[in-house]
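In: Quick check, what structure comes out for this input:
(5 chains)
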Amino acid sequence: MSHSLDAYLVLSCIMFAIGTFGFLARRNAIAMLMCVEIMLNGVNLAIVAFGMFTPALAGAGQVIALFVMAVAAAEATVGLAIVIAIYRNRRTPLVDEYASMRE
Amino acid sequence: MISLSGIPVLSLIIFTPLVGALILAFVPGANVRAVKAIALGTGLVAFAFSIVAVLGFHIGDPGFQYQETVSWIPFFGIQYHVGMDGISLALVVLTTLLSWISILASFGPIKTRTKEYMISFLALEVGMLGVFLALDLFLFYIFWEIVLVPMYLIIGIWGGANRIYATIKFVLYTLVGSLLMLVAILATAFAYQSATGSWNGAFDLLTLKGFGFDTTFQLFSFLAFFLAFAIKVPMWPFHTWLPDAHVEAPTAGSVILAGVLLKLGGYGFLRFALPLYPQAAHDLAGIIIVLSLIAIIYGAIVSIVQPDLKKLIAYSSVSHMGFVTLGIFVFTQQGMQGAILQMVNHGIITGALFLCVGILYERTHDRRIANMGGLAGRMPVWAVLFGFFIFASVGLPGLAGFVGEFLVFVGTFAVSPVAAAVAVFVMIFGAVYLLWMFQRVAFVEPSEFLRKLGHHLTDIDRVEVLTLAPLFVLTIVLGVYPALVLDFIQQPVTQILHDLGAPLTGALL
Amino acid sequence: MALPQTVPYLGWSWDDIVFLVLAGVLLGSSLMVVMSRNIIRSGLFMVLAFAGLAGFYALMGATIVAAAQVLIYVGAISVLILFAVMLTQSKSGPASLVFHSQAWAAAIASLVVGLLLVMSVMFTTWPLAMPTPIEQSAHDVATLLFRDYVLAFEVISLLLLAAVIGGIYLARRDIIPDPGDPLTRLDAASDGEGP
Amino acid sequence: MTQNEWLAIAPVLIVAGLALLVIVVDLVWPRRPAIVTGAAVVGIIAAMVVTVAAGPIAGLSGQLPLEGQTVFNGTYIQDQLSVYLDLLFMAIALLTILFAPDYLEPRGLPMAEFTATLLFAITGAMLLAGAQDLLLLFIGLELLVLPGYMLAGFAKRDGLSTEGAIKYFLLGSFSSAILLFGLAFVFGFTGTTNIHGIADQLRSFTDSGNLPVGLAMGLALLVTAAAFKIAAVPFHYWTPDAYQGSPTPVTGYLSVGPKVAAFALLLRLFVEALGPIRADWGLVIGILAAVTMTVGNLAAIGQDNIKRMLGYSSIAHTGYIMVGLAVFAAAPDPATQAAGIQGVLFYALAYTVMNLGAFACVSALQRRPGVTSQISSFAGLGRRAPLLGVAMTLFLLSLVGIPPTAGFFGKAVIILSAVQGGGWLTVLAVILMLNAALAAFYYLRVVVTMYMREPAENARPVTIGTPTRVGLLLAAVATLAIGLLPALTGSMLDWTLSAARSLLLGA
Amino acid sequence: MVPPVFFSEAAGQATPAVAAAGSAEQLLMLLLLVLPMAGFVSTTVLGRRMGRPWLIAVPAIIVVWAIASYLAFQALIQGAFGNEAISFTAYEWIPAGDFRIPFNLFLDNLTAVMLLVVTTIGMLVHVYSIGYMAHDPSRWRFFAYLNLFMFSMLLLVLAGNYLLVFAAWELVGLSSYLLIGFWYHKRSAALASKKAFLVNRVGDVGFALGIMAIWTTVGTLDFEAVFKLLPAALQVGDIQQWMMIGICLLLFCGAVGKSAQFPLHVWLPDAMEGPTPVSALIHAATMVNAGVYLIARSSPLFSHAPEALILVAAVGIFTAIFAASIALTQKDIKRVLAYSTLSQLGYMFAALGVGAWTAAIFHLVTHGIFKGLLFLGSGSVIHGVHEEQDMDRMGQLRRKMPITHWTMLIGALAISGIPPLAGFFSKDEVLGEAFKLGFQWVWLIGIVVAGMTAFYMFRLMGKTFYGESHVDPAVEPHVHESPPSMTVPLILLAILSVIAGAVLGLPFGDSTITRWLEPVFHPALETAGVHESAYTIFGIDGILILISVAIATIGMVVGWRLFGFFRARAHLDTVRELTARMPRLYLGSFRKWYFDELNDLLFVRVGGVVANGIWWFDVHVIDGAVNGIANATQKAGDEIRQVQTGRVQNYALGIAIGLIVVAVGIIFLTTR
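Out: Now for the predicted structure:
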């Protein structure tokens, strides 16, 4: 199990699905952001797993995972800044209340 | 005959209005007199150039004359290729003539944004002339679309109360057709390229027209062209934009719309659709003949009950243009020559009718027939001219309308007596709606509405006479001596029929 | 103390046990992140999930990643998020509704997505994969990072810089302009909200 | 790094450096937007000059071999395509920066941060254009989109701006995750991150219907994410909201920059890397194209807010460009495939100038704070500001595709490629054309408003700043010249074709 | 009737040879057209400013008359052109491939006769109009129109091909339209002019189709060529008999319209709204004869289509009795004359139909003269009683208008067929030929019509000139004889009415007019196999003459008995009693057998409903579809935009669902 690529991949898929659910269902902007992080981590798990089980990749999986973490950090920074900015305007972190623009 | 070798006559004709428009762009709009003078001058210069082209034209020469070829987008073999044969010549002269007349006729009625109006008008002229002279499919399409924009503005800005609806309808309707035509043009060019392996000449009419495309391809391409042209002509049942556009357009807009724009469709059939896709043309001729017959009779009958002068003339255009398509698609020398002559005649006569209605509108601000009456007494000169053009439109022999119509009849009869018999009934219906309208407008005692206008109801003035005079003369000349046009189009029509191959058989009865 | 080769009684390898336990932690805490009513608790569970993931990385032998995971996620990002939570929670209390009204639809959709993903993973034989993880030295990783992916590495710094600059701009509290200043009032109504 | 590597990356470096420079300039001379603008404009022009002029040294401008030159261990390529796209992106940046001051300054929004953020995004786009490695592709994309989120929320005191930004950000991150998962599948399956390596690995699956399910799933994830980035239906939801909320110059940028860059991603990823299995994604792209343009146009028809309307219309244009991709995927012969890519590239150029131009007109009109972006704001513009009116009309006509404008030639090139492809591509061409007619409906509505409606009572004259004037002039001239000027058109067609060919060499 | 079997050997000389006209004749023929045209143009341009607007128009026509007389003299008396026609082509009118229509003029004896009639009566009417229109402020228009008419009519008779005839045919229609509607401010005049034009157009449709059929068959429209080629084609079987019949019937359609035969007769009575000289010239003496001329001209064709000729005869004789029955009861003096004209035209068609070509033309000539006279006389009367046309408001006018009275009396006697006046000869020729050629039914009806004609003419005379005066007392004192410009033409026409018959119709059997027209009708007679039988004045012909004269006399006498004659009193109470006894017949006749009502129902009401229905269809169905598509598109757009809820989660869910769809799609499409 611990030596099976499929096991890690399945795990990563489930994690991704959980993140997706949260993203679709949560109302709070920051919670949604957290769910995106969960999804990204799920993917990262898959990437590392591919990297570790595939000789041709020769460690690329790990490197990419590092990059993804950096990107995730940047994304979180930007996202949180935007959340804070909008919170100043709207006084609520609940995304479904931001619906001034529609149709 | 004068020698014009080495002079780019056609480019001069096409781009003179453009130059005029550019000059106008730099004239202050407040200086209305200068604006008008420049616009009219430009129109006259273009007209003069087109007359020069007539004088230098070799009637016996079957090919295209004054050809100019400049490479434009060599990547796809697209060229600026223009040339003139008898058909183009007739329509170009018609265009340059009606253009300056329209400009002149706009002096009075157009009171706001004269400069923009004149620029639009000259741009419109560029497009129309380009369509009649282009020999490159791509170039043709570009001019074809260019026509759309100024007309859109002319109707939309200087039009009547419901102008926005009318102008959008006009543009969208025409656009739907022409965009599909673009697909067909590109497909045709590619079909040529894939067969010959080279883009050279892939858009050039002269290289393409002898090219035997396969049957299915012809059918679809022809249908796309057909849609574009049928909407422009307009053929039944694609005609409903026309009454709206005419009613809302300013007078000069109606003149150009009826006088030239509708001819673009007929010209397109002759110049492009038939030579490129002869097989498909043969296959579909029967259906098109039936549609034309419907248009002829239907347009005439609907005209009878129109309450608005312009709408009546608009529907009558549907009927009259039905002759054009009928004449073209019976594939006989007489029919086709008649169709072309009919285009010219219709341009002159209907243009004049719209001018007359415009003159009336200037004084009464109304076009409802029910409000008119007795104008023969109040505006005698106007009534005489209006009546004159009405009888020309009725198809009175000796005036322009007759010869074209009769040639179409004769050409049709040779192919299908039944079709001719149906079409010929328009002689009755045409007379019914026009004469009834004339009776209600010009005869009997003046209506209450007109009486209230009192002395404002003046007879036609000098400028207005000047706009109608050339059309008046031409109406008589072309009725008495139609050879003036027929001689020019004889050779090209023979050529088109030759390209089409076998005569029409079995399409209809 | 040396452990037996396999888990007593069960006959499973230790790695497998670790795997199962970690999987439980990971999925459970992930679910809690998603489901928790209190957003702060969500955040804390997220830290746990990230830590679990680090364990997996270690289990596979990807030690560098595991370390980075702890540093970046557990350390930096989580804290960042928690700060943001604090900032936005201070005035209004916790929302009465955690989930959006479409939660059921969301559940079904994510279930389908998950099933599709899992099945596609299961039914695929990855042609280049080995049955067991491969040893990879830190040196290999470093070589890749600084030789093959050097451009990407440079770009990442740019990315972070951009994020920081933008983040500062967006998040910084401007000197609140005078409400009587016509410019500010007009600005508020500048887009869309007008007639 | 070798000299070649320096030269190849020089344009990217200059732009990135310019971003930093702008921040420094702002620190030295705070609140002097003119200096910032000036510096940025000069810098971008310099970068463009370098891109072209550094050519001979690095083997550019005709001497650049068609296969390009790969640097940084095969992760980045400098070829005709990347040079073309780089210049296009820089042009986008240039125009956006020219248009921005008129809108930002009256609203008190800082020019320096705007310019820097924008230039970061452009850097990302340029990297994307030359990326030969999945990782670089991903990071380039993130560098492109992250500043985009921030720009969307740039008017941070404006509720709509931040609302648009957060929607854009959340959905964007969501799609990034999806994209990443897709990339992971591809990378796991092929065992490489190199674009060419992937293509080589995939060559065995040339027929449709024989993909392993994992790869198919990866493909689906990639299609979804990419469709999101280019704003194709049904992944377009963010577009209207983000466009409407953003400050107008930003909207202009968003409508072209990220879109064209996302198409660059599609070219590198789908055409170059996944080219061998194009039979498997071609039909999907074709269907999406048809749906996208139709839905985009339909939705735009009843729209009263011009930014939102142009947002929907940009969705439609996405559909048009996708036709080119579909042609690549479904065409039988290499020449036609190249023609499809050429269509994408040529249309991207045309779309850039006309759409940016249109947004510039909106933004110029909104120079006076308080002017809404409702279409009614345009009432009587033809008389209030004749030149602006003429320019706007030109751009709108070009967007409709009326000759002789760039938009028309763009459509012509795409349709030509589609009819070359034959089969269902011809149907796609017809759908495209019908859509163009549909589009006329709402574009012309604006013209109607400008020329045929009377201005509101309180309408005041419109004044335009110099940078905007210059920018409008550039955009208008380009809109007219592309197609009409034989030399320019010819070279553009040649260039886009060789760019397409260089791309296809690897596919 | 004889089937066409004697064609073969006659084919060669059957068609009169055509000679090129000499330059003098060319000039004269052109002048015949140019002068009236010039008169029209100059009067139109200058007339309004001229004190005497007739100063151009009338002299022009007098010159035309002189020229025409000279040409006719040359042709008929001198035989200067031999038995040949002369023709020349002025220029090529329509060149379109094989369809080359010259503008060619053609003059043979038939043309010469027509020229005489047209120019003589035309000239007299012009002169008459000087007086008649003297007080109309816009009389310049009147003279211009008259000149235009003369031009058109002369072109019609001179034209050398069918298309040119058709052109002239339409132009006379135009002139007629203009002249009927001369007093356009009168609603009835405006309606009548339109009606005339439109009804004519109905016939013209057939005429036009006939022309197309001829051209399609033989590729030419020139008379000589058509008359040679078409029978030849029939002979060798290139065309079928039914085609020949069809062509003839189509041409006949045109004739029916122009000559106002049943059922297209409705326009002519209404045309009386025009000034009276117009009625005399156009609607009695010249234009309405064009149909007769056309069929006479086409005799070489009709002789090959005996079935068509039977129809011609039937329509003609039916119109004769039908119109006469209406004329019996009309109150408007001009309407009586109008229906009388219809009736007499019916005679001519009957004559054509039975094959008595010469008789038809003979009657055309004499009818032109005496009907012109009668109309001008009625004009004089109307003028005298101050524009009153109702005969119930006249009476006893013979004393106040003696010249008018006497001349009209001559006209009435002439039309009644009382020897030795003009009508006697021609009518007798028509009826006698009909009887002798085997069309006894035509003869029988013709005789009845003759009686009716005599009756209604003397009813007219009685109500107008005799009996008691019912003239408006206010007008009575002012009733006066007309000026010389009006009376002189009356007198001249009266003289002609007296002598024309004898001059042209004597000696019986081989009369002058027969000799004149023999070359023209020779081929037709040859084809039809009509052989001149010896004229037996003391045999069958004599008996026929006696019968017709007797019938006419009876009609005449009944007329005086009931309506008065010189000193004889009218018995109006008897009239009233008679009409009361058969109200339906009376009312039917008085209401013109309800034809106007039928037309109104068919064309105005039903036609209006149909036209409005089609318009409704156009607006609501065709345009409705167009607008419907536009609206549906807009609606669809609005619906689609409903997806855009503004809520991120909705969007995200959409993306997720999209992902699922795409994934399922791709997996389904690409994997095994």
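In: To what extent is residue 78 buried, counted in neighbours?
Out: All of this is about chain A. A:Val78 is flanked by 30 other residues according to other C-beta atoms under 10 Å in any protein chain shown. From N, CA and C alone the C-beta is placed, and that goes for glycine too.
In: you looked at the wrong chain, it should be chain E
Out: 10.
In: Please apply the same query to D:Ala53.
Out: 12.
In: now check the helix or strand encompassing C:Arg41, is it near chain D?
Out: C:Arg41 is part of helix C:39-60, with elements assigned from DSSP states H and E. No: Helix C:39-60 is not in contact with chain D by C-beta under 8 Å from any C-beta of the partner chain; minimum separation 13.8 Å.
In: moving C-terminal of that helix, what's the next helix or strand?
Out: helix C:63-68.
In: roughly how far is the next helix or strand after that next one from the heart of the chain?
Out: Per DSSP H and E, the first helix or strand lying C-terminal to helix C:63-68 is helix C:78-89. Taking C-alpha atoms, centre = their mean, to the nearest Å, the mean C-alpha location of helix C:78-89 is offset from the chain mean by 15 Å.
In: Pull out the buried residues from helix C:78-89.
Out: Using 16 or more other C-beta atoms under 10 Å in any protein chain shown as the test for burial, helix C:78-89 gives C:Ser78, C:Leu80, C:Ile81, C:Leu82, C:Ala84, C:Val85, C:Leu87, C:Thr88, C:Gln89.
In: what about that helix, average pLDDT?
Out: What helix C:78-89 shows for mean pLDDT is 82.
In: near chain D at all, it?
Out: No: judged by C-beta under 8 Å from any C-beta, helix C:78-89 makes no contact with chain D; its nearest approach is 11.9 Å.
In: Please work out which residues outside the next helix-or-strand element following that helix touch it.
Out: Following helix C:78-89 in sequence order, the next helix or strand is helix C:103-122 (DSSP H and E). Residues outside helix C:103-122 that contact it (C-beta atoms under 8 Å, 6 or more residues apart in numbering or on different chains) are A:6, A:9-10, A:13-14, A:16-18, A:20-21, A:24-25, C:99-100, D:181, D:213-214, D:216-217, E:649, E:653, E:656-657, E:659-660, E:663-664, E:667.
In: let's see it at 6 Å
Out: A:9-10, A:13, A:17, A:20-21, A:24-25, D:213-214, D:217, E:653, E:656-657, E:660, E:663 (C-beta atoms under 6 Å, 6 or more residues apart in numbering or on different chains).
In: Is the following helix or strand past that helix in proximity to chain A?
Out: Going down the chain from helix C:103-122, the next helix or strand is helix C:138-143, by DSSP H and E. Yes: counting by C-beta under 6 Å from any C-beta of the partner chain, chain A has neighbours in helix C:138-143: C:Asp140, C:Val141.
In: Give the buried residues for helix C:138-143.
Out: C:Asp140, C:Val141.
In: Between the buried residues of helix C:78-89, which sits nearest chain B?
Out: C:Thr88 (48.5 Å; C-beta to the nearest C-beta).
In: distance of C:Met60 from chain B?
Out: As judged by C-beta to the nearest C-beta, to the nearest Å, C:Met60 and chain B stand 55 Å apart.
In: Low-confidence ranges, chain A, go.
Out: Applying pLDDT under 70 to chain A flags the ranges A:1-2.
In: repeat that for 90
Out: Low-confidence segments of chain A, defined by pLDDT under 90: A:1-7, A:25-31, A:51-62, A:83-103.
In: in it, which spans are helices?
Out: A:5-25, A:29-53, A:60-90 (DSSP state H).
In: winner for burial among the ones you listed?
Out: helix A:29-53 (a mean of 28; mean count of other C-beta atoms under 10 Å in any protein chain shown).
In: does that helix come close to chain E?
Out: No: residues of helix A:29-53 contacting chain E under C-beta under 6 Å from any C-beta: none, with a closest distance of 7.6 Å.
In: helices or strands next to that helix in the packing?
Out: helix A:5-25, helix A:60-90, helix C:39-60, helix D:159-190 (3 or more C-beta pairs under 6 Å, 6 or more residues apart in numbering or on different chains; DSSP states H and E).
In: Could you list the residues of chain A in contact with chain E?
Out: Going by C-beta under 6 Å from any C-beta, the residues of chain A near chain E are A:Phe23, A:Leu24, A:Val95, A:Asp96, A:Ala99, A:Met101, A:Arg102, A:Glu103.
In: one step back: so for E:Pro269, which of the helices and strands packed on helix A:29-53 sits nearest?
Out: helix D:159-190 (81.3 Å; C-beta to C-beta).
In: is that closest one up against chain E anywhere?
Out: Yes: judged by C-beta under 6 Å from any C-beta, helix D:159-190 comes into contact with chain E at D:Lys167, D:Leu170, D:Leu171, D:Phe174.
In: ok so, going back, got a list of contacts for the helix holding C:Arg41?
Out: So helix C:39-60 is contacted by A:28, A:31, A:34, A:41, A:48, A:52, C:22, C:25-26, C:29-30, C:32-33, C:36, C:65-66, C:69-70, C:73-74, C:78, C:81-82, C:85, C:133 (C-beta under 6 Å, 6+ apart).
In: Now do the spatially most distant residue from the centre of chain D, the pLDDT please.
Out: Centroid-distance maximum for chain D: D:Glu457 at 37.8 Å, with C-alpha atoms, centre = their mean. You'll see D:Glu457 listed with a pLDDT of 75.
In: and what of E:Gly22?
Out: 73.
In: That one: neighbouring residues, count only.
Out: 13.
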